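structure for this input, please:
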Amino acid sequence: MDQKKHKATTIIEINQGVVGPKRPLAKNVQIKTLGAYPNVPKAYLDTARLYSSTRLIGPPICDELMEFIMHTFTEEEADIVRHFKPMARMTAEKAARACNRPVHEVREILDHLSRKKFILLAMGSGEKRKYAVMPIVPGTFEAVMMTTSMENLSDWQRRFAELFERLVETGYMIDYLKHELPAVRYLPSHQSIGPQQSALPSDRLEEIMDRYKTFGVTMCQCGMTEVIAGRGCGRPLENCVSFGNTVHILVNAGKMRQIEKQEAIEIKRQAEAAGLVSWIFNEDSGKYGSSSCSCCGCCCHMMQTVTQYNMPAMIAPPRYLPIFDLAKCDHCAKCALRCPMGAITVDTRKKTHSHNLKRCVGCGQCVVACDKTRAITMDPVKNYRKPPGSYGTLFAKITPNMIRNSFSAWLARF
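Next comes the predicted model:
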């Protein structure tokens, strides 16, 4: 793989023969109060306050958030949404009473926000349908940007992506990553672990897929956003695969293309060959469905929490870790260039090699890169804890730290 083509320099630097990760970025969000926007309509101010809630993993009030909100909603839409509460559901009837408007008008707007713009979450049907706001990320960003082709993106979506990227670049998410939230795990490349008998069914994406009958694929939302921002890395974009109950819903909404299992596997193989690594939700029930996107450290917003901010809180400890045979190593630095997390540093002049375990997700891309000396192998981690057996168990596991992180983010605003 041509690393120059794939923008490795955005996360890796070469300095006097040393190949390794760039220094982490610092948070640069400029916190303001709503009083800093005297000419902004009250509907937008109240909606910005709603989305800034730490209960929604929101950013503080800032220029980037205000511009994002004013693009995402029309003033009429914001005048309804501002009456919502974080984590609470609301019927169209209740929303209509809050904004003193006819129910049928409010319901039409809420349905447009949930079914056309995909900003709100809708549950149920008819008059009993309830609506809820989602966090900007994860939630709103992914729902808005899911598509089967970049050609399908509207000008509104493209501008949405640009403003979202500016918001993320403030680094506000750092405050929500103080305590571990192992919501996802990365799977080792099939080339790196091969047919090892020690592999668990939860280690191999193909065996995970065997539990499901329905598959779909959509474009990588993070990758598309980087392309729109003029920073695309050239790797494949159609690689976010879902399997299970939600596929039909997303296909019917035009957000996903239905595929067969074999095509899903081939998509993942091509992604691995391009240096991408696949994650999956950190649960192992096989009942309700799951998703697996293939990502790179330069474009993926979740991986950027590590590659740009050195905050690996959202990622579960790996099942496998690379073992380096330095007697075989010729210090060519291919492994350091290939590593999507910047977990390896090689000094090609002094012939030294170091591995940062805190940044390693056990993807095995370094093993694939070391095709000449074969100095790297993947070994299972001792005392590895299997993924939780259900989403309920996973949520119960991470909820205490979600609360702690929300409190940390709230304190950081004072």
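
pLDDT weak spots in this structure?
The chain contains residues with pLDDT under 70 at 1-9, 194-202.

and with 80 instead?
Applying pLDDT under 80 to the chain picks out residues 1-10, 190-204, 286-287.

doesn't G297 make contact with V306?
Yes. Using CB atoms under 8 Å, V306 is in contact with G297, at 7.3 Å. In short, each C-beta sits where N, CA and C put it, glycine included.

mutual contacts of these two, please.
Residues touching both V306 and G297 comprise 341-342, with contact defined as CB atoms under 8 Å, 6 or more residues apart in numbering.

Validate this expectation: G20 resides in a helix.
No. Applying DSSP: H, G, I helix; E, B strand; the rest coil, one finds G20 to be strand, outside a helix.

which residue is the nearest non-sequential neighbour of it?
Leaving out its chain neighbours, the residue that sits closest to G20 by CB to CB, 6 or more residues apart in numbering is T345, at 3.3 Å.

S390 and K268: what is the separation?
Distance, S390 to K268, by CB to CB, to the nearest Å: 24 Å.

correction: the previous question concerned C339.
From C339 to K268 the distance is 19 Å (CB to CB).

likewise G289?
17 Å.

what pairs with the host helix or strand of the residue nearest to G20, parallel or antiparallel?
Following DSSP states H and E, one finds T345 within strand 344-347. Note on strand 344-347: by DSSP bridges, its sheet partners are strand 18-21 (antiparallel), strand 352-355 (antiparallel).

now those as TSV including distance to Y44?
What follows is the strands paired with strand 344-347, written out as TSV (distance: least, CB to CB, whole Å):
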stretch	distance to Y44
strand 18-21	39
strand 352-355	48
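
who has more neighbours out of G289 and K268?
Counting neighbours by other CB atoms under 10 Å for G289 and for K268 shows that K268 has the greater number, 23 against 17.

residue ranges for the strands of the stretch 151-300 of the chain, please.
184-186, 215-219, 238-243, 257-259, 277-281, 290-292, 294-295 (DSSP state E, counting those that start in this stretch).

let me know which of those is tucked in deepest.
Sort those by mean neighbour count, taking mean count of other CB atoms under 10 Å, and strand 294-295 sits at the top with a mean of 26.

and it, what does it pack onto?
helix 261-273, strand 277-281 (3 or more CB pairs under 8 Å, 6 or more residues apart in numbering; DSSP states H and E).

residues touching the last one, excluding its own?
With CB under 8 Å, 6+ apart as the contact definition, strand 277-281 has outside contacts at 183-187, 189, 205, 208, 268, 271-272, 290-296, 302, 315, 340, 361, 363, 365, 391, 394.

enumerate every residue touching G139.
By CB under 8 Å, 6+ apart, the neighbours of G139 are L121.

walk me through the domains of the chain.
What automatic domain parsing lists as the domains of the chain is 8-26+175-403, 37-170.

and C370, what is it in contact with?
By CB under 8 Å, 6+ apart, the neighbours of C370 are 334-335, 376.

as a markdown table, the helices and strands packed on strand 294-295 with distance to N383 would be great.
Formatted as a markdown table, these follow (distance: least, CB to CB, whole Å):
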| stretch | distance to N383 |
| --- | --- |
| helix 261-273 | 27 |
| strand 277-281 | 21 |
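
for those, which one sits closest to T140?
strand 277-281 (18.5 Å; CB to CB).

distance from the chain centre to that closest one, please.
10 Å (CA atoms, centre = their mean, to the nearest Å).

what do you get for stretch 11-21?
26 Å.

kindly report the same for stretch 382-391.
21 Å.

just the terminal-to-terminal distance for that stretch.
Terminal residues of stretch 382-391 lie 25 Å apart, using CA to CA, to the nearest Å.

buried ones in it?
387-388, 391 (16 or more other CB atoms under 10 Å).

related to what we said a few turns ago, could the strands of the stretch 151-300 of the chain go into JSON lines alongside distance to F324?
Output for the strands of the stretch 151-300 of the chain, formatted as JSON lines (distance: least, CB to CB, whole Å):
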{"stretch": "strand 184-186", "distance to F324": "19"}
{"stretch": "strand 215-219", "distance to F324": "35"}
{"stretch": "strand 238-243", "distance to F324": "29"}
{"stretch": "strand 257-259", "distance to F324": "37"}
{"stretch": "strand 277-281", "distance to F324": "19"}
{"stretch": "strand 290-292", "distance to F324": "28"}
{"stretch": "strand 294-295", "distance to F324": "24"}
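
out of those, which gets nearest to C329?
Of all the strands of the stretch 151-300 of the chain, strand 277-281 comes closest under CB to CB, at 22.1 Å.

who does the closest one pair up with?
In the sheet, strand 277-281 lines up with strand 184-186 (antiparallel), strand 294-295 (antiparallel) (DSSP bridges).

of all these, which one comes closest to K213?
strand 294-295 (21.6 Å).

which residues touch the closest one?
So strand 294-295 is contacted by 220, 222, 236, 239-240, 267-268, 271-272, 276-279, 302-303, 340 (CB under 8 Å, 6+ apart).

coming back round to it: how about the helices and strands packed on strand 294-295, which one is nearest S114?
strand 277-281 (23.1 Å).

follow-up on the earlier one: out of the strands paired with strand 277-281, flag the one nearest Q258.
So among the strands paired with strand 277-281, strand 294-295 is nearest, using CB to CB, at 18.5 Å.

tell me the first helix or strand C-terminal of the closest one.
That would be, after strand 294-295 and using DSSP H and E, helix 301-307.

now do the next helix or strand after that following helix: which elements does it pack against?
With elements assigned by DSSP H and E, the helix or strand that comes after helix 301-307 is strand 320-324. Here strand 320-324 touches strand 352-355, strand 376-380, going by 3+ CB pairs under 8 Å, 6+ apart.

before I go, just wanted to say thanks for your time.
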